[in-house]
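Undergrad: A predicted structure for the sequence below; I have some questions about it.
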Amino acid sequence: MKQRFATIAFIIFCVNLGVEVNMTILEILFAIMWIYILTVLTRSKLDFWKFCWGSVGFFILMMLWLQPIAVNPLTKAVASISGIIGSLTDMYSSYFQYGMLFITNHGSSISLYIDYECSGIIEIMAFTSLLWFFNVYNFFEKLVINIFGFIWIFIANVLRIFVICALIYFFGNSIFYFAHTIFGRLIFYTFSIILYFFVFTKSHIIRQKVGNFNYGHN
C-alpha cells in the first residue's frame, strides 16, 4: 500500500514538473516571438502596431514573470500605509504582515484582506507597458514618469481603501458592497483617468506635429 501511494505521489510530482517546464518553455518562446515581431514592426516603421504589440506583450511578460514576485511586497505596502492612516484617524487597524485591515464599528467588526486585485499591481503594470511603448517621451522622461505614475497609482489605491474603510466605519458593514464595488472604484478610476490624460492625451496633443508646425519639442 505504501509503495502504491509513493508511486502515485511520484507520478503527480512528475506531471506537475512537466507542466511547469512546458509553461516555462512556452513563456520563453512567447518572449522570443514578441521580440522578433517587435523588431520587424520597428524596421517597417509601423508605429501604431508596434505600440499595440509591444505594450500588450510587455504586459503579459510582466504578469508572468514580475507579478508573482512583486504582488506580495506591494500588498503589504498598501496595507501598511493604509494602516498608518487608519491609526491616525482611529478608524481601523492594520495587520500588514498578513495584508489585512480590521474595522470595528458600532459593536460589530469586519476584516478586509488586501488581495491580488486590491494591490494595484494590474493597473501599475498596464500603465508601465503602455508608457514604454508610447512614442512621445525619451528614455529619461519615461523613467521619471514611470516612477511618478507608480506613486500616483499607489496613493490612489491607498485613498480608495481608506474611503472604503471610512464608509464601513461610519455606516456599518451593510455598506461594504457599495463602498468597495462602486464608490471605491469610482475614486480610483477617477485618479487613473487624470493620470492617463496628462501622461498620454495632453502630452500627445502638445507634441503633435502638423506639417512644419508643432505644438512642442520632441
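TA: Yep, it's here. Numbering: from 1, shown residues only.
Undergrad: break down the protein into its strands, ranges please.
TA: Assigned by DSSP state E, the strands in the chain fall at 92-95, 100-105, 108-113, 209-210, 213-214.
Undergrad: adding mean neighbour count, write those strands out as CSV.
TA: C-beta coordinates here come from the backbone N, C-alpha and C atoms, glycine included. Output for the strands of the chain, formatted as CSV (neighbours: other C-beta atoms under 10 Å):
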stretch, mean neighbour count
strand 92-95, 19
strand 100-105, 18
strand 108-113, 14
strand 209-210, 8
strand 213-214, 10
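Undergrad: looks like Cys118 contacts Ala79 (just checking).
TA: No. Between Cys118 and Ala79 no contact is recorded; they are 9.0 Å apart, counting by C-beta atoms under 8 Å.
Undergrad: can you measure across stretch 35-51, start residue to end residue?
TA: Using C-alpha to C-alpha, to the nearest Å, one end of stretch 35-51 lies 13 Å from the other.
Undergrad: Asp115: neighbour count?
TA: By the criterion of other C-beta atoms under 10 Å, Asp115 has 10 neighbours.
Undergrad: ok, now Gly86?
TA: As a burial measure, Gly86 scores 22 neighbours (other C-beta under 10 Å).
Undergrad: so who does the closest residue in space to it that isn't next to it in sequence touch?
TA: Distances taken as C-beta to C-beta, 6 or more residues apart in numbering place Tyr92 nearest to Gly86, at 4.0 Å, with adjacent residues excluded. Tyr92 sits next to Gly83, Gly86, Leu101, Phe102, Ile103, Thr104, Cys165, Tyr169 when contact means C-beta atoms under 8 Å, 6 or more residues apart in numbering.
Undergrad: which outside residues touch stretch 73-88?
TA: With contacts defined as C-beta under 8 Å, 6+ apart, stretch 73-88 is touched by 92-101, 114-116, 118-121, 124, 154, 157-158, 161-162, 165.
Undergrad: what pLDDT does the residue nearest to Gly86 get?
TA: Note on Tyr92: pLDDT of 91.
Undergrad: and if you look at the one 5 residues further on?
TA: On pLDDT, Gln97 comes in at 83.
Undergrad: report the contact partners of it.
TA: Lys76.
Undergrad: roughly how far apart are it and Leu112?
TA: 15 Å (C-beta to C-beta, to the nearest Å).
Undergrad: repeat for Tyr169
TA: Relative to Leu112, Tyr169 is positioned 11 Å away (C-beta to C-beta).
Undergrad: who touches both of the two?
TA: Common contacts of Tyr169 and Leu112, defined by C-beta under 8 Å, 6+ apart, comprise Ile103.
Undergrad: since that was my last question, I'll sign off now.
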